[in-house]
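Visitor: I would like to see how this sequence folds:
(one chain, ligands or ions: 1)
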Amino acid sequence: MRRISVFGSTGSIGVNTLDLVARQEAQVVALTGGRNITLLAEQARAHRAELAVTAHEDCYAALKEALSGTGTEVAAGTQALVEAADRPAEWVMSAIVGAAGLAPGFQALRQGTTLALANKESLVTAGALLMAEAARHGATILPVDSEHSGVFQALRGEDATTVERLIITASGGPFRDWPADRIATATPDQAVAHPNWDMGQRISVDSASMFNKALEVIEAREFFGIAPERIEVLVHPESIIHAMVGFADGGLMAHLGPADMRHAIGFALNWPDRGHVPVERLDLARLGQLTFRAPDENRFPALRLAREVMAMGGMAGTAFNAAKEIALDHFLAHRLAFPAMAEVVEEVMTRLSGGEGFTSPPECLDTVLRMDHVARTCAAEVIAARQ
Ligand code: NDP
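Guide: Next up is the predicted model:
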């Protein structure tokens, strides 16, 4: 029986993953969550998990109590997450949100596992290191972001040297048609109300600001090793086409699917085969039309910032993601206006970009984590100075 672990099992991706895992023959090794102890315990019971881990030590007692008498081991804390990733598993879902997903993902790769990577922040923060670690240990990384899964599927059997460009689509989020002055007043509740996708709170806000697409452009660069100028973003409000690959002969291969993450998760779960996945089948005649437009980088500057990050290289992605995470925390806490998130990130990049080693590739994970910390501190200072 295949051994499977799910990191971030209590989140949107985690719940969808377990829905599919439950339909297969599998031994669930580790499930991890944050503060949603009720759901984590419920999942551990339902899937007879060997181990359940909460990221927060103050949640240990509640989890231990909730799982007493089940035989599921219980652990807590960030080190416990890394130790959980050390348990042999053939297939691991990386679906913790934010840079917190980086260290467990790294550890899982050291087992030579197949890592289904939803946690795009890992590639943005430490892409080259992650890919090198996978190669060193004979591990496989499969994309779970729907756009990257779409590109991956369109590239199957193709000669990578004939790829001219990648096009990843963006719904445009809830503020797609809002003028800049209205976007300036956007609240967290409005930002999480994504028109097409049902996702976690943080990625929903990132979709509204286009920071999600900015992260995805960098993720595509790191995953597929393609030059930044060959990666395009196309606003496609219907979210039916997730990605397209353009080839040397002018042909475009598009990946279409419903706005249901279980397709991309299921693809990764069944890979290298294809298996049945219980998602809605598209009825294109009923849909009638698909529309496209260019992104507006004035109202949504995150995409421009992503291009600057890729031009800088080195640890710019680490700083970019960390600053974005802090700015997002403050927006969610009503301490920062929506457009100020991009302003804060830009200011952090400006402050840090002249620093020693900033544009050099990091030698190890510790160097990355140090930069992550520096950028978080800098973002907090930039925000404090604005108050
Ligand atoms: P959610 O916010 O729904 O879930 C996040 C998960 O991470 C939860 O299990 C949460 O635990 C856990 N978590 C939160 N903070 C920490 C922490 N500091 N340490 C350890 N665990 C933590 O996120 P999503 O499922 O939406 O997204 C997960 C990842 O997948 C993100 O990287 C996102 O960008 C990516 N992704 C998501 C998509 C989607 O459709 N949702 C699509 C493509 C990519 P708890 O809730 O118990 O506190």
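
Visitor: Close to the ligand: what parts of the stretch 101-250 of the chain are there?
Guide: A118, N119, K120, E121, D145, W197, M199, G200, Q201, R202, I203 (CB under 6 Å from any ligand atom). For every residue, glycine as well, the C-beta is placed using N, CA and C.

Visitor: Compute the number of surrounding residues for the nearest residue to the second one once chain neighbours are set aside.
Guide: This points to N119. Once flanking residues are discounted, N119 sits nearest to G101: 3.5 Å by CB to CB, 6 or more residues apart in numbering. Using other CB atoms under 10 Å, G101 is surrounded by 23 other residues.

Visitor: my guess is G101 meets G11, correct?
Guide: No - using CB atoms under 8 Å, G101 is not in contact with G11, being 10.3 Å away.

Visitor: what touches both of the two?
Guide: A95 (CB atoms under 8 Å, 6 or more residues apart in numbering).

Visitor: Would you list the phi and psi of the nearest residue in space to G200 that is not next to it in sequence?
Guide: Nearest in space to G200, with sequence neighbours left out and distances taken as CB to CB, 6+ apart, is S12 at 4.6 Å. Note on S12: backbone dihedrals following degrees, to the nearest 10 are phi -60, psi -50.

Visitor: ok, S12 - contacts?
Guide: Counting by CB under 8 Å, 6+ apart, S12 touches D198, M199, G200, I203, M261.

Visitor: again with E297
Guide: If a contact means CB under 8 Å, 6+ apart, then E297 has L303, R304 as its contacts.

Visitor: And the average pLDDT for stretch 132-142 is what?
Guide: Averaging the model's pLDDT scores along stretch 132-142 yields 98.

Visitor: Mind telling me what element R307 is part of?
Guide: Element membership of R307, judged by DSSP states H and E, is helix 302-312.

Visitor: which secondary structure elements does that helix contact?
Guide: Applying 3 or more CB pairs under 8 Å, 6 or more residues apart in numbering; DSSP states H and E, one finds that helix 302-312 contacts helix 211-224, helix 316-332, helix 340-353.

Visitor: low-confidence ranges in this structure?
Guide: For the chain, not a single residue meets the criterion pLDDT under 70.

Visitor: Any idea which residue of it lies closest to the ligand?
Guide: Residue nearest to the ligand within the chain (CB to the nearest ligand atom): G11, separated by 1.9 Å.

Visitor: That residue reaches Q201, doesn't it?
Guide: No - at 9.6 Å, G11 does not count as touching Q201 under the criterion of CB under 8 Å.
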